[in-house]
Structures are given as C-alpha cells and as structure tokens.
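> coords please:
(4 chains, ligands or ions: 6)
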Protein chains: 4
Amino acid sequence: MRRTGVWLLGAHGNVATTAMVGARAIAAEEVGTGGLVTAQDPCHRLDLPPIEGFVFGGHDVSATTVSSTARMLSERATIPPEIVKAVDEDLERIEERIETGTAINCGRAIEDRVERAFSERNVSDTVARLREEYRAFVTEQNVDRLVVVNVSSTEPPLSDPGRYDTVSSVERAVADDDRDLPASSLYAYAALLDGYPYINFTPSTGASLGGLKALARRKNVPHMGRDGKTGETLLKSALAPMFARRNLRVRSWEGHNILGNADGRVLEDEANEAGKLASKSGVLDGILDEEFHNRVRIDYTPPLGDWKTAWDDIRFSGFLDTPMKMQFTWEGSDSILAAPLVLDLIRLIVHADEHGEGGLQPQLASFFKSPLGVDEHDLSRQFGMLTNYVNRYEGIDD
Amino acid sequence: MRRTGVWLLGAHGNVATTAMVGARAIAAEEVGTGGLVTAQDPCHRLDLPPIEGFVFGGHDVSATTVSSTARMLSERATIPPEIVKAVDEDLERIEERIETGTAINCGRAIEDRVERAFSERNVSDTVARLREEYRAFVTEQNVDRLVVVNVSSTEPPLSDPGRYDTVSSVERAVADDDRDLPASSLYAYAALLDGYPYINFTPSTGASLGGLKALARRKNVPHMGRDGKTGETLLKSALAPMFARRNLRVRSWEGHNILGNADGRVLEDEANEAGKLASKSGVLDGILDEEFHNRVRIDYTPPLGDWKTAWDDIRFSGFLDTPMKMQFTWEGSDSILAAPLVLDLIRLIVHADEHGEGGLQPQLASFFKSPLGVDEHDLSRQFGMLTNYVNRYEGIDD
Amino acid sequence: MRRTGVWLLGAHGNVATTAMVGARAIAAEEVGTGGLVTAQDPCHRLDLPPIEGFVFGGHDVSATTVSSTARMLSERATIPPEIVKAVDEDLERIEERIETGTAINCGRAIEDRVERAFSERNVSDTVARLREEYRAFVTEQNVDRLVVVNVSSTEPPLSDPGRYDTVSSVERAVADDDRDLPASSLYAYAALLDGYPYINFTPSTGASLGGLKALARRKNVPHMGRDGKTGETLLKSALAPMFARRNLRVRSWEGHNILGNADGRVLEDEANEAGKLASKSGVLDGILDEEFHNRVRIDYTPPLGDWKTAWDDIRFSGFLDTPMKMQFTWEGSDSILAAPLVLDLIRLIVHADEHGEGGLQPQLASFFKSPLGVDEHDLSRQFGMLTNYVNRYEGIDD
Amino acid sequence: MRRTGVWLLGAHGNVATTAMVGARAIAAEEVGTGGLVTAQDPCHRLDLPPIEGFVFGGHDVSATTVSSTARMLSERATIPPEIVKAVDEDLERIEERIETGTAINCGRAIEDRVERAFSERNVSDTVARLREEYRAFVTEQNVDRLVVVNVSSTEPPLSDPGRYDTVSSVERAVADDDRDLPASSLYAYAALLDGYPYINFTPSTGASLGGLKALARRKNVPHMGRDGKTGETLLKSALAPMFARRNLRVRSWEGHNILGNADGRVLEDEANEAGKLASKSGVLDGILDEEFHNRVRIDYTPPLGDWKTAWDDIRFSGFLDTPMKMQFTWEGSDSILAAPLVLDLIRLIVHADEHGEGGLQPQLASFFKSPLGVDEHDLSRQFGMLTNYVNRYEGIDD
Ligand SMILES: NC(=O)c1ccc[n+]([C@@H]2O[C@H](COP(=O)([O-])OP(=O)(O)OC[C@H]3O[C@@H](n4cnc5c(N)ncnc54)[C@H](O)[C@@H]3O)[C@@H](O)[C@H]2O)c1
Ligand SMILES: NC(=O)c1ccc[n+]([C@@H]2O[C@H](COP(=O)([O-])OP(=O)(O)OC[C@H]3O[C@@H](n4cnc5c(N)ncnc54)[C@H](O)[C@@H]3O)[C@@H](O)[C@H]2O)c1
Ligand SMILES: NC(=O)c1ccc[n+]([C@@H]2O[C@H](COP(=O)([O-])OP(=O)(O)OC[C@H]3O[C@@H](n4cnc5c(N)ncnc54)[C@H](O)[C@@H]3O)[C@@H](O)[C@H]2O)c1
Ligand SMILES: NC(=O)c1ccc[n+]([C@@H]2O[C@H](COP(=O)([O-])OP(=O)(O)OC[C@H]3O[C@@H](n4cnc5c(N)ncnc54)[C@H](O)[C@@H]3O)[C@@H](O)[C@H]2O)c1
Ligand code: NA
Ligand code: NA
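Ligands and ions are numbered 1, 2, ... in the order given. Next comes the predicted model:
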C-alpha cells in the first residue's frame, strides 16, 4: 500500500484532529465514507492514494494533544465518543510526531494563546529547521510522498504582498531576516523548496505570494488554496448562480455567522477576521454582476461550541422590479464539514504530483473560498472543472 | 417587427395577466427586463422575436377580465399600480380576444368555479371549435406565428395515460367521444394539429401523452412542459446538487408551502394537488441517489394573497455520519416569478420553430419542474443545456 | 423522608423514562434541577415532597424495558449516556414494578403496536384488576401516598362524551360492560375510586368525563389535565397575548411540527392526531378574539428522533392595517421538555392532596394545553394563578 | 371636543409623520384603530382625549416636509397611498406649524445631516426660544393642553449624567452656557418648566436626568420614557419570562437587526448606536437571572427601507442540562409599529395630567424599552400595571 505522509500545520486543532480521527476510523472500518468527495463519482474513477496509507505528523504551538482535542470534540456532539475510543491508540502514536511550530507574525490573537513555539535566531534558520523536520519525518516514517497542509489558525492579512512577487524577492527576504513574512508562508516555502505538495486550507497568506507561486512552478510542485469552502460560503456558491442565471437581481445579501470554537475566538480579533471576511464575501462578488449590499459578520458565541449557525438574508428583485426575499439558516459542525475535504485534497494533490502536474491546481477550485488563479466561483462549474480533470485521466490511471 | 401571436389558456389568471401586463409595460418602456432569462447572456445572443411584437389572445372559463385581475394583483403588492394604469388600455383591447374555453374533465375544484364554458356535442366538435378559434386569431391579428401556452388551473392527473400512447389511439379517442381526455390535452391537440408550438406551464396532462408527443414529432412542431419551475422547486434544483456532489447524504427534506391565491385554492383539492406534488418532489428524487424522507405540503392561507412562503427543512449527514441541517424560507410572488418565464419560453420556442426544431425541446429543461424527456434535474446542468443550444446557433442567427 | 408512590401509565415511554431517569439522577446528585418549575420561586416556598422520595411503578403494553428506552434516548442525543449509566441499576429495580396494562379502545395506531396487554372478561373486572394493582404497589412499597400519571400514547377523542356526564352514568357503563370507555378513563376511574390523585399529561379522555370529575369532587381527590404544554404551544401561550394586548390583529397562524419519535408515529394516525390538534389550536382561540386562519400540522419525520422542530408563521396587521409577520422555529427534545413538568405536577398535586384540595386544580393551568375547567390561556396569567396559590399557603406550610 | 396640542420633536421623521397621517386618517374615518392599545380594553374604559382633537406642531432640523416623508413612506409599502392622499391637505396645514429646531450636542451622525437649525447665543436663550415657541403654539391653536413628544434621531449617550442630578445643577448648567447638555434635554427642560407633559420615545437623554425628574415632581408634570418598545425588544419582553418561569436557562441570545431607513443610517454611527444597544439588551438582563451571552447588532441595509428584520437565536438548556434552541424572525415596519404607541402615550399622559398625576408614570412601562423608574421588564406584568391604573380610575372617569 502506498504510504502518504501528511504533515498538518495546526495538528492539535479541530480540523486536523477530526481529519486524523476520521482517517483512522475509516482505516479501521469503524465508519463509512460520507462527506468524502473522492469516495464517489467522478473522483473514485482516479487511482488515488488510500486513506489507510496516510501517516500523520505536524506542527502546533499549543500544549494540548490530539487525543484531548478529540475528546473535547466528542463531548460537544461533533465526533461520536465510540469513534474517538476506537482510534485513541493511533492518536497517541501520532502525538509523538507533532513538533513545536513557529508563531512568527501570526497576529495578536494567536500570539496571546501560544503555549509553546520555537524561535530560531533568524528567519533563515527557521526555514532550515522546518525543512529538517519535514525531511526527518519522511525518512523515519518511510513515506512515498509528503503533503503539507495548513490547518492552523487564521493569520491577519499581509500588507503589501506585492513586495514578495518574485522568487528572488522571497529569497532575499529570508536571507535578510525580514520579520514581516508570516509563519504560514515560511511553512509553505520550506515545503516547496523540497518539492512537497502544499495545501492552504486557511485564509492565511501561505503560498499565495507571487514569489512562492513562481517557485512552485519552477520546481513543478503542485499546490492550492485558499480557505476551505465548507458552510455558508459553499451555499452561496451554489445559490448565487441561480439568481444570476434567472436574472433575479440581488439587492442585499446579509450573512451572519455565530460560532463557539477556538477558530471563532481567534476570528473575534478584527485583524485575524479581515482575511476570512474577504474570502467569504468575495464569492458573491465573483458570481453576481450587479451592485449590491454585501455584508458578512462572524460573531463568537461560546455556547455553540464547534457548531456554527449561519443566517443569511437575501433581498432580490425580479420581473417588474418586485422585491422578494429568501432567508436560510445553516447549522453544521465546522470540523465535520472541513475534515473530509482535507483528506480529499491530500488524495487529489498526490494524484497531481504523481502525474507531474505542478503549480496551481485549478481542478480543486470547488474546495476553496478563494481558489488561487481561478475566477470561477459558481460551484457547479467548479465541479465541472474537477470532472474534466478526471475525464482527462480516464484510461491513463489503470 | 415580427408579430408573434400568443394564445394563453387561462388568460384571466394571475400568471397570464402578469405576463401580459409585463409585456405591454416593457413595450411601453415603463419597466426594465429584470427576471427575463432571454434578456441576458447567453440567450440574448440569439435572434429572438421581440416582446413588443407579442399579440395576446386566449381562453378562459371565468367571467372576470384581465383588467380586474391586474387591479386585484396591484392591491396585493404584486404589480405596482402605476404599471397597471399605464397598460390598462392595452388590456381592454386584449380582453376582446379572450374566448370562452372548455372545462371538460378538469376536476371538481375547477368545475365548481367555472363561470362560463362552452360545451359542444362531442369531443370531436370541441377540438374543431378550438382549431377554428386559433385560426381566426391568426388571420384577424395577422401574426407571423402562433404559440399556445397553458397557464390554466392545475387539473387532476389522468389515470392510465398509457392508453393514449399512439397518435391513432388519440385520434380514435376523439372520434369515439372519449370523455376522459382532459381539457389541457384537447387544447394541445388542436394546437399541434395545425403546427402551433405549444408550452405547458402547468402540471396538467397537456401534450405529455405519448400520442401527442408522436404527433408533434410527425408534424415537426416544437413543444415543451411541464410545470414552470419558479420558487421552492427552483431552489431545490440549485441546492440538491451541492449535497450530492459533496457526498452529504440527505436524510429528510420537508417542504411546506403556504399561499393564498386562486391557484392555492384549487390546489387545496387533493385531486388537483396530486399532480403538483408529484412534479415538486420528483426534482429531488432526480438528483439525490440515496433513500430519504421526501415530503411536500401545499396549504392554502388566504391572508398571503399572491405571495407564497416556502419553508424547507433539510437534514443531512456528512463525515462520521454526523447529522446536520439547513432550513430556508422563500418568500416570493408566484405570478411575478412565473410571468417572465412564460415570455422567455414563448421567445425560445418561436426560435426553435423558426429553425425547424420539432418535438420536445430539451434545451428548455431549466424552466420546468418535470421537463418532458429530460432526466437531468440539476439546475446548473440544465442551464448548460440552454447555453449549448445557444452556442449551436452562434453565427447562424445573424 | 416522605415516600411518594408514582404510578406511570405508559411507563416504558419516552416521557416516563426521562422523568424516572431524571428523578433518580437528581436523587444521586448527578445533575441539577434545570427545567423544574418547583425548584425555584415561587413554588420552592411550598413544602413539597422530595423527588428523592419518589417510588416508581406503572403500566405499559409494550415488551421493551425502561432501561432500553433510556439507552435509545441517549443514542439520540436526548439523555447524556453517563446519566443513563449512573441510574441503570435503579431502572432495573423499577422494571420489576411495571405491570402489563390494558389497551382497550385506544385506537388502531396503538392497538397495532401492543405487544402485551391483559384482557379481563369485562370492564368491571378490568377496573377491579387496576385497583388491585395500585393497592398492591402502595402496600408493598409502603408509600405515604400514590399519584397516578397518564403519559401513555394519545388515544383518539371519544365521541359523544356527554353520555358519561354523571357518576352514575359511568358506574352503569362499567357495570354494563360498555366497551366505548377508553383505557385512559378506566385507569383514571380506578385511581379516583380509591382516592389517588390523578394527572393526565396527554390529550386522551382520562378523567375529563363529567362523571369522573364529579366523582373526584365527591371523593375530594385532586386531579388535573389535559396535555402537557411543552413546546410550540407553550410559545403560543407566551406570544399570543402580546399581539392581543398591543391590538395587533392576527390574520393567520400556521404551525408546522415535524418529529421523529414513537409519539410522532402514533400521531401519524389521523384518529389519534385529532385530540392533539384540538388542544394545540385551542390555545390561540382562547387568547385571540379576532377571526383568523389557524392551522396546526404534525408530521412524522423519522430522522429527527426524539427532537421536534416546530415552524410557525404568523401574519398580523397593525396600524393602518399594514400587514406584518413573524416566524419562529423551536427545536427541542419533547421528552426533556415534558419530563420535569411531570415531576413538578406530582409534587404539586401531592401538596394539594395533603392540604385537602380536591377536584380540579386550576393553579396547575400553566402546565397544560387544555387546562380542565380553566378558560385562561395566557401563560403569564396562568403563572399568576400558581403564584397566588403559593401565596395562599405562605406561613401555613412551615 | 377637547383639543390636545401635540408637539413633535423630529416632526419630519418617519415615526412623527406616520403618527400624524394615522391620526388624521382616523379622524377622517379612512382607517380603523388597529395597533392602538387605547382603542381596546382596558384603556378604552378611561375617558381619554379623542385623537380627532389632536392638533399637531413640532420642531425639526431637516429641510423636507411631512408630506414628502409621507409620500416616501407610501412608496416603500408602509402607508397605503390612498391614505396619504386623503390627509394630504391636513399635512400641508401642519407643515406651517413646524419650526426649525436645535441640534446642539446630537452627535456627528445627526449634525452631519442637519439642513437647518437655529443657534442662539447661549443655552439660556435656546431654552427661552423653545419655551416661547411652545407657548405661541398653545395660544394660536387654542389647545386645552400641550404634550411634547421626542421622536427625533437618537443622540449619543451623555457621559457622566450624574452631574445633572439636581434641579439647581441643571439651572446652573443652563445659566453657565454648559454646552454638554444635549438638545433632547433642552427640549424637555423647556416643556417641564411650563408644565407641559413630556414623552421620550427615543433612547436619548431627554428628561431622564436626575435634575429634570426632580423638576417634574416639583411642578407635578407627568413625563415618561425611554425608547419605544416596538419590535424585537417587545418580543424579548414577551418571551424571556417564559424561559425564566419554566426554569429553562438561557445560554445565549443573539439579536441581529437589519433596517434601511434614516433611523438605521443614524444608528450606523457607533456613538449614536450605543444608547439604543443599551436599552435593547437591558430588557433581557432585567428578566433573566442567569449569566448568559447577550448581544444585539443593528445593521443598516438600505434595500429594506422602513422595514426591519430582526433575527434572534436563543440557546437554552433545560432538564438534564440538555441544550435546545429557538430562532425567530420579526419583519415589521418600524414606523407602523411606533406611531400608534405615540398616539396612545399622548392620550394616556393627558389623562394622567388631567388627574393630577405628576412625575414618572410607571403605568406606561409596557410602552418602553427602558421604562424610567421601573425595574419590571416582563411585558405581561407591565400590562398588569396599566390595567391596575385603569382599574383605579373605574367609576371616577364617568
Ligand atoms: N472548519 C472549517 O469549516 C474551516 C473552513 C475553512 C477554513 N478553516 C480554517 O482552518 C483553520 C483551522 O480551523 P480549526 O477550527 O481547526 O481551528 P483551531 O483553532 O481548532 O485549530 C488551529 C490550530 O492551529 C494552531 N496554530 C496556531 N498558529 C499556529 C502556528 N503558527 N503554527 C502551528 N500551529 C498553529 C493552534 O494552536 C490550533 O491548535 C482556521 O484557519 C480556519 O479558519 C476552517
Ligand atoms: N405562478 C407560479 O409560480 C406557477 C408555477 C408553475 C406552475 N404554475 C401553474 O400555472 C397555472 C396558473 O397559475 P395561476 O396562479 O395563474 O392560477 P389562476 O388560478 O390565477 O389562473 C388560472 C386561470 O385558468 C382558468 N381556467 C381554469 N380552467 C380552465 C380551462 N379549462 N380553460 C381555460 N381556462 C381555465 C381559470 O379561470 C383562471 O383564470 C396553474 O396550473 C399553476 O399551477 C404556476
Ligand atoms: N413529550 C411531550 O412534549 C409531550 C407533551 C404533551 C403531551 N405528551 C403526551 O405524552 C404521551 C407520551 O408521550 P411519549 O413521547 O412518552 O410517547 P411514547 O410513545 O414514547 O410512550 C407512550 C407509551 O405508552 C404506552 N402505552 C400505549 N397505550 C397504553 C395503554 N393503553 N396502557 C399503558 N401503556 C400504554 C406505549 O407502549 C409507550 O410505551 C403522549 O400521549 C404525548 O402526546 C407529550
Ligand atoms: N420606529 C421605531 O420602531 C422606534 C422605536 C423606538 C424608538 N424609536 C426612535 O424614534 C426616533 C425617531 O425614529 P424615526 O424612524 O422617525 O427616525 P427619522 O430619522 O425618520 O426621524 C428623525 C427626525 O428627527 C429629526 N431630528 C434630528 N435631530 C433633531 C433635533 N435635534 N431637533 C429636531 N429634530 C431633529 C430628523 O431631521 C428627522 O426628521 C429615533 O430616535 C428612534 O430610535 C423608533
Ligand atoms: Na451581526
Ligand atoms: Na404541513
């Protein structure tokens, strides 16, 4: 069986934990494959690396453990307790492979919560250490391939990212100990340098800098991002095309999200919230042509735990300019929605890597709120892109 | 300017009236083209007959007038009063061309409300009279083409429609004075016999009989149906694919509709409701593979007038089988949603007719809850079929 | 400590089980007193029998056990699993005191599901057997007092209840083996005859017959009913007075309930549903003076389990007759809402009994959808009646 | 017929205009008395001044007119156009009695929008001018009594209001030209000095200063405030007691309001919003004992016009600490909800004045979000206070 190394940045977090618990539970045949896009048509026609072969490791800056995050999630009606129990030994083994990460330039909200973090003398040494840790994992675990996935807390947006538009500008910044480069980009840089595919499931900067995209092209490493499309935004990308194609003009779209987990606590900080809001509201602007009132709010409401309620209010007008409206509530567990996508993305980016597809991976657009390099936000058309990719490999994979 | 004859079955009704008011208001430049699919890309690339050239006539079995339906709708916040005023003279002129229809086999709920209806000695004479009335309109109004559109009240479903599976079986039924054939099918038969394109915007039988579909093919007349897809069902066809493609398994989808207009009153009758419920719930079954609890309710609530509120409750499970849910309310005016589609369909079926496309018109699937001859219920893919049709005519229409 | 015997009709059901689990968990200090009206002001000022002193027994017609109902509820996110575990031994002991009941005249939906039921030769023997079973429990368990509580499945309404308007008419019916008397009334009759207070938490007939109410007065036994007011109806009784007192005229109030437990399955049967609908819609009619469209629907949706979602749509008009609206969804566990009320009612009816209050107990009106003998449906005023009762005993109880 | 002078501060605004249009339409018997609390039991048992006898005047700082505000409201589906037409002449006559007001210390959001405002040399002259204008109106219109009502835009809260705790401190501030006193308090001061009853329908400071309350007591002038209780907060005060009395512990109550009128535009300014948020969230704190997450948001969404949608999400726990929830949406026209209360308050405060009741008027608590001097926030109990007041006058008024 192919062994796929999976390196999770933010390995103690909810998304990472749920992904690992789920992967091990699937491997143990404790649970089915609900929620996995790759478990069904069209993707299951590809020859994808098996989830049973995933070997997990990662970085985090908290002092907790995967096991205790899993238990916490099971108390909050997210993961069934018996599943946590069934995989608990696996989680203990994984814990040994989780290293202390770097929290450089992650914004106050995160920095205030860091419980452990390494700090090398300079940025250059930081990158060297990350590379060394990736490499050690690959060797020790004897994996065929390593994928680095960012599921750590959302950083504030980077100001003036244009200054890192070329490979050499990034190289210079690292050499000159430029402290503006955020942790997410250092993790990405270290991965790409050694040819490890990289996925950015968060709104953080990661590999979205011009210089890192160029590096990925040069090294022919596949990568993709940003910000997993799980709940309210997923719905927007399914619904907005209906209004657009029926010539029903949206006048206002108010989205109000309340959530109670650690992600919500970090997003309470306005700086960290900014990136999330941008990617959440960008989807509508990408689908609807008209001018309209577009607002998204994210509020932290502790009693909700890992569950998020999104309430959207949409006003539109149709024939004879008559005003009409629709409203929806979406009540889902963010981690449960996100985790299978993380597993899907790993399988699909490994496929791309195995077939020599480097740089951005537009066929993965449907997974992201802000798909890098893709203007299409219509969910159905994004799925069409994935189907086309699969069709391209028809007859090749067998 | 091309003159298109538009013959509305149910011409005094809400949908018919709103379509005529809107068409005349657009002609008078009193209002824009919001809600019209044909007013924008891709359809506007086709050479379609202008709405200004539409000449209206029709059948009804009520003693009211288009003007008074329009006024009633403007009192209920559907059509702005100033628009009704602006087109009122046009409506009076149209009234002169509205004939008394036949109410044969339309179910108790309709029959109890018929205020005027013709009854010929037998079915054969009924068909002859309808043909004569269509023909007279074409001659007197000097139109280039006639389209017959069914927007009359929903009939109960026909039992054992298989007995009318061939052209000759229909011909024999008419000759033998078979009283089981419903009005909607007689109107359709009369239209197809003389080559008039036919649209069935209702769940009634119309031209969906095997024998009438064969007749349309034989005569190469374009026709399409059934049941305009306007509100809750439109949403279902936009949303359900999202669940399907993300492998989120729907466990139950409860739809509860309340509405207060004449259509709602007719649908209170269980016989007449049956066809509507079938086409409303069929959409989900056509998109979702899994077994799930699928119920639609339609309740008559007079204070709502022409406004309908649909409330849908959707339970689904995802990764680790965790149950989640979404709920929506949709608040629209049924007539405002339906009327522009009627105008779109007329324009598009004229286009088909002008280009020699006979029989069913699958490119129009996105307009219908139960698109005849089309299994695809995914709204986005249905729009794709329309785009493909338009693309086929690229370079031909100019 | 005072020992209070609690005899539950429908002891294997969800409400009964949750009440027993909760009572034992409170006794074991495993959980607090949330949801108990008697745990706080004003009722806690009364000298009420302690929940720790409740001794449970009962009748049922199913072959399941309290333990297995409890486990089923804990799997459906109603009762926390650790609580079920903590009281499981108590439940086993209770099981020994649960007798086979009678299912006479309970309607098809229940009769089809009966797994065991006793049938004596005639009604008279049936009553004798019930009396014997109550008495045996009192003696064996050495309780100070016995309260009989109906929490069994809803029966269809009794036709022409006026024929049982006097004590002698009931006595004659029993003597003449009148098979129209439903089980709920036989259970109640047997209780009242021997002076055991009786509570009817269901919409079934129970002691609401004129003859049984007269018997209770004659014997000075306290009793009260019908139909516990837990969710949607509770809300109605809190909200409708706001509309009434602000002169906001309700035009329509649509209530749509979906639920997935055994109660929902029984209510799917139209006969059994009738009583429930009557008590649910009666509340609004009792508060609002105006004519309005008042509909309640109850639909069975298995994926919801013991959870019920009520969706209400309220249209009203105010100043200048402008139409406005509100909508709500209520998502609660029916058993969790009902169980504490059952415990409250037992404590309060024991108090009444101890103080010589016989017949109907209007101070308990706030607990019921159709409070027997009380016209007041305004929740706040009903609470006022309870407060007045408590105030009357101020200084007496100590 | 008794002539009641009504002086509206903010006379060009939506609430003022709707109140005047409604009063004149009632006088002309164009419309009924829906929405008026005083039109029904218990208040109609009092001998209240007739609405037909209301004579309107007021202050504003905008350059618009009552007529044009009325027309604007009729275009936005608030006031029916035919009603505006029926009273239009009356509105023109009222316009002549609307004076230019003062905008001193009303916060940036208002000051930026002032189109006309008077500014006397100092505060003392300002007060003198206001008194002169009130007096002139009383004389010219020959009214029996004058009531001053604040329905102008919300001011920011006053910092350290304790410094104006005595009559002399206020007198000194006026004499010393203290520019911190906001317009609302100057208008109130001028009214109370000459014995005119005063109502503060807004969250602004008005007569809530200790010194002004003392002045009202000394002069025996009735007054009451603050902030009319119309929509979401009204609902909270009806619903929260249900949770409290059933021992259902509220964990979080999120209220999200979107509205599109001028009031919403002013409240977009955080300073002006502060007072509103305080009075909106205070209601829950006044009813619920437990600690809970309590947030209110008000967002400006222009497409909604005068219509407001409140969406509330309430999480609570009950028996066995099981978490449950309810959500509601409230869709009303703020002006339509507020205007009848303004008319009610005028009638009721005139009654108080006629019967020598001076100072704060607790019987009016049900009309306000923050009823001055009243701790009771339970709507039903507040209505009880009004009923008690009416009962006190039983037999006196005839
Ligand atoms: N759950 C979803 O639906 C969803 C959807 C889209 C995106 N996301 C994004 O995924 C990310 C993770 O979400 P979550 O709910 O798991 O959050 P979480 O707070 O539970 O987990 C984040 C983890 O990252 C760790 N971390 C923070 N900074 C780090 C650093 N510099 N290096 C290493 N570890 C670091 C934290 O200690 C924590 O353990 C967030 O950015 C979130 O916005 C989540
Ligand atoms: N409005 C929508 O959103 C929508 C969507 C899909 C389908 N439809 C269907 O369109 C149809 C019309 O809806 P509506 O709201 O205008 O209803 P309506 O009741 O206002 O109008 C129906 C008209 O048909 C007339 N009629 C009835 N039987 C007839 C007959 N045999 N011959 C001629 N006229 C007849 C009636 O007198 C009435 O004037 C209905 O079948 C409805 O189900 C409407
Ligand atoms: N849960 C609530 O919120 C609520 C509120 C008001 C009223 N109620 C009423 O309480 C009753 C119980 O509800 P539930 O959810 O526990 O239902 P359930 O179906 O879980 O339990 C009912 C029990 O009664 C038993 N039973 C049926 N007929 C019987 C008979 N003749 N003698 C003895 N036992 C019999 C059944 O076997 C079953 O065990 C129902 O009538 C319901 O309508 C419930
Ligand atoms: N409508 C409701 O449901 C409701 C409920 C409670 C309270 N209120 C309060 O009532 C007030 C009025 O609401 P609205 O919707 O009519 O607002 P609006 O903006 O339509 O009207 C306010 C008017 O006050 C005028 N104004 C502002 N400052 C003034 C000053 N210093 N002197 C004189 N006039 C001044 C403005 O020019 C405007 O004409 C607001 O404070 C609002 O918060 C309204
Ligand atoms: Na918000
Ligand atoms: Na229903």
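> For A:Arg381, grab the count of nearby residues.
The local packing of A:Arg381 (other Cβ atoms under 10 Å in any protein chain shown) involves 17 other residues. For glycine as for every other residue, the C-beta is placed from the backbone atoms N, C-alpha and C.
> who touches the nearest residue to it once chain neighbours are set aside in this structure?
Leaving aside its chain neighbours, A:Arg381 sits nearest to B:Ser380 (7.1 Å; criterion: Cβ to Cβ, 6 or more residues apart in numbering or on different chains). Residues in contact with B:Ser380 (Cβ atoms under 8 Å, 6 or more residues apart in numbering or on different chains) are A:Pro241, A:Asp378, A:Leu379, A:Ser380, A:Arg381, B:Ala238, B:Pro241.
> got TSV for those residues, with distance to D:Ile199 too?
What follows is those, written out as TSV (distance: Cβ to Cβ, whole Å):
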residue	distance to D:Ile199
A:Pro241	51
A:Asp378	54
A:Leu379	53
A:Ser380	56
A:Arg381	58
B:Ala238	50
B:Pro241	56
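> rewinding a little: before we move on, which element is the residue nearest to A:Arg381 in?
In the assignment (DSSP states H and E), B:Ser380 maps to helix B:379-393.
> tell me the angle that helix makes with helix A:379-393.
Relative orientation of helix B:379-393 and helix A:379-393, computed by axes from the mean of the first three to the mean of the last three Cα atoms, to 10 degrees: 70 degrees.
> looking only at pLDDT, what's the mean for stretch A:206-213?
In this model, stretch A:206-213 has a mean pLDDT of 98.
> Of the contacts of B:Ser380, just say which sits nearest to D:Asp344.
Nearest to D:Asp344 among the contacts of B:Ser380: B:Ala238, at 46.4 Å, using Cβ to Cβ.
> would you list every one of the helices in the stretch 201-350 of chain A?
A:210-219, A:232-245, A:262-267, A:270-287, A:334-354 (DSSP state H, counting those that start in this stretch).
> Helix, strand or coil: sort out A:Arg116 for me.
Secondary structure for A:Arg116, judged by DSSP: H, G, I helix; E, B strand; the rest coil, is coil.
> For it, which non-adjacent residue is closest in space?
Nearest-residue entry for A:Arg116: A:Thr100, 5.1 Å, with adjacent residues in sequence omitted and distances by Cβ to Cβ, 6+ apart.
> now do A:Thr17
Spatial nearest neighbour of A:Thr17, excluding adjacent residues (Cβ to Cβ, 6+ apart): A:Thr69 at 4.3 Å.
> pLDDT value on the residue nearest to A:Arg381, please?
The model reports B:Ser380 with a pLDDT of 94.
> Kindly report the same for A:Asp397.
With respect to pLDDT, A:Asp397 scores 62.
> again, but for A:Arg113
Reading off the confidence values, A:Arg113 has pLDDT 85.
> repeat for the one 3 residues further on
The per-residue pLDDT reported for A:Arg116 equals 88.
> give me the number of residues near it?
Look at A:Arg116: counted by other Cβ under 10 Å, it has 11 neighbours.
> Wait, it touches A:Ala63, no?
Yes: look at A:Arg116 against A:Ala63 with Cβ atoms under 8 Å: they come within range, at 5.6 Å.
> so A:Val114 touches A:Thr102, yeah?
No: counting by Cβ under 8 Å, A:Val114 stays clear of A:Thr102, with 9.6 Å between them.
> okay, and the common contacts of those two?
By the contact definition Cβ under 8 Å, 6+ apart, A:Val114 and A:Thr102 are jointly contacted by A:Val61.
> These two: who's more crowded?
Under the criterion of other Cβ under 10 Å, the comparison of A:Val114 against A:Thr102 puts A:Thr102 first, with 23 against 17.
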